[in-house]
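# Following is a predicted model, sequence given first.
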Amino acid sequence: MGPTSVDAWPLSPSAPSAMPAGAVRSAALPLPSAALPWSAPSTDARSSVSALAPRPRGVLLLLCGVLLVLGSVGQAHAAAYRYWSFWERDGSAWAYATQGPSTARPSDGDVQGFRFAVSRDSADAARPRGAADFAAICGGTAARDGEKRVALVIDFGTAADAPAGETPPAARTACARVPDDATTAEALASVAKPLRYDTNALLCAIVGYPGKGCGEAVAVDGGTDTDTEPTADARTDAPSSPPAATSDEGAEGEGPSVGLFVGVGVVAALGAAAVWQARRRRG
């Protein structure tokens with residue numbers, strides 16, 4: 001996935017502490033069986049140290065615990081993306097667009113929408129809000145030969161989804177009267193300039209909002225909007241899941257956190273310890 005500021009994952013449980021060097025060297029006497037209910041008593045130092053080492057089964061259980069912790073942390077701090085999504089009105093409901101706005105060619109009487117929001121994935125994307133009725137939006141725009149009317153709903157999202165330092169404008173509607181062969185992108189450009197695109201043809205701004213950034217990743221701990229449906233992003237050539245990091249200024253904190261690498265290192269160390277202990281017992 002990628003367009004991220006991902007919070008650092010907490011460190012995984014540390015590996016069992018090694019036996020102090022003094023204790024190993026001083027284990028000259030057999031340990032009472034009562035002190036070691038899980039191991040038979042031994043009369044030499046090597047057997048005593050081996051008895052005190054963790055069993056492979058215990059190490060494996062600890063490994064499972066570490067993996068569960070890492071998995072839950074990853075879900076709690078899932079990456080989301082701030083971007084414009086593109087919608088088409090299907091009867092009384094919004095449906096995600098099956099084409100990008102530069103290839104979609106709406107018919108006279110169609111209603112299409114754009115929504116700016118932070119979403120984890122297509123299933124988490126927020127729909128455009130407000131009126132979405134063609135008669136209400138384009139009722140005052142007369143039909144003409146060789147032209148079509150497309151009702152557009154532009155929802156700039158909420159303050160919670162806005163980039164730092166920016167305030168989303170109020171949602172608006174517009175009736176675009178364009179040539180019969182015009183695309184959605186052309187209809188949008190006729191009523192909502194300035195538009196801004198990045199080098200990958202991702203729609204970054206409508207009416208100049210937002211002023212900077214484009215599909216950047218952000219870290220979220222909870223849902224960003226309860227008004228959700230599957231969606232496509234507003235890439236002009238093809239719809240898809242939330243965009244990869246294509247921000248004009250680069251996404252912050254992109255890639256795995258240091259905590260992840262530390263957790264993986266701990267898991268590897270515990271696995272090596274389990275293998276070493278098993279070989280000692282066989283020897």
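Good, I have the coordinates.

# The strand or helix carrying L203 packs against which elements?
Counting by DSSP states H and E, the element that carries L203 is strand 203-205. Contacting strand 203-205 under the criterion 3 or more CB pairs under 8 Å, 6 or more residues apart in numbering; DSSP states H and E are the following elements: strand 79-90, strand 196-197. From N, CA and C alone the C-beta is placed, and that goes for glycine too.

# repeat that with 10 Å
strand 79-90, strand 111-119, strand 196-197 (3 or more CB pairs under 10 Å, 6 or more residues apart in numbering; DSSP states H and E).

# What strands line up against the longest one, and which way round?
Taking DSSP bridges as the criterion, strand 79-90 pairs within the sheet with strand 93-96 (antiparallel), strand 111-119 (antiparallel), strand 217-219 (antiparallel), strand 232-233 (antiparallel).

# circling back: and of the helices and strands packed on strand 203-205, who's closest to A278?
Closest to A278 of the helices and strands packed on strand 203-205 is strand 79-90 (CB to CB; 38.6 Å).

# Run through the stretch 1-150 of the chain and note the low-pLDDT ranges.
By pLDDT under 70, the weakly predicted segments of the stretch 1-150 of the chain are 1-78, 122.

# oh, I was asking about the stretch 151-283 of the chain
In the stretch 151-283 of the chain (pLDDT under 70), the answer is 221-277, 283.

# residue ranges of the helices in it, please?
184-191, 258-282 (DSSP state H, counting those that start in this stretch).

# what does the shortest one rub up against?
Residues outside helix 184-191 that contact it (CB atoms under 10 Å, 6 or more residues apart in numbering): 86, 88, 97, 99-106, 110, 112, 114, 148-152, 154, 172-179, 182-183, 195, 197, 201, 203, 206-207, 234, 236.

# Filter these down to just the ones in strands.
Per DSSP state E, strands hold the following members of the contacts of helix 184-191: 86, 88, 112, 114, 148-152, 154, 172-179, 197, 203.

# about what we covered before: so can I have CSV of the helices and strands packed on strand 203-205 showing mean neighbour count?
Listed next are the helices and strands packed on strand 203-205 as CSV, based on neighbours: other CB atoms under 10 Å:
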stretch, mean neighbour count
strand 79-90, 24
strand 111-119, 25
strand 196-197, 17
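
# Please convert those to a markdown table, extending it with distance to R127.
Below are those laid out as a markdown table (distance: least, CB to CB, whole Å):
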| stretch | distance to R127 |
| --- | --- |
| strand 79-90 | 6 |
| strand 111-119 | 6 |
| strand 196-197 | 23 |
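
# nearest to V220, of those strands?
strand 79-90 (4.7 Å).

# got a list of what V118 touches?
80-83, 124-126, 157-158, 160-163, 216-218, 220, 223-225, 242.

# hmm, which of the residues you listed are the buried ones?
Neighbour counting over these (16 or more other CB atoms under 10 Å) leaves 80-83, 124-126, 157, 161-163, 216-218, 220, 224-225, 242 as the buried ones.
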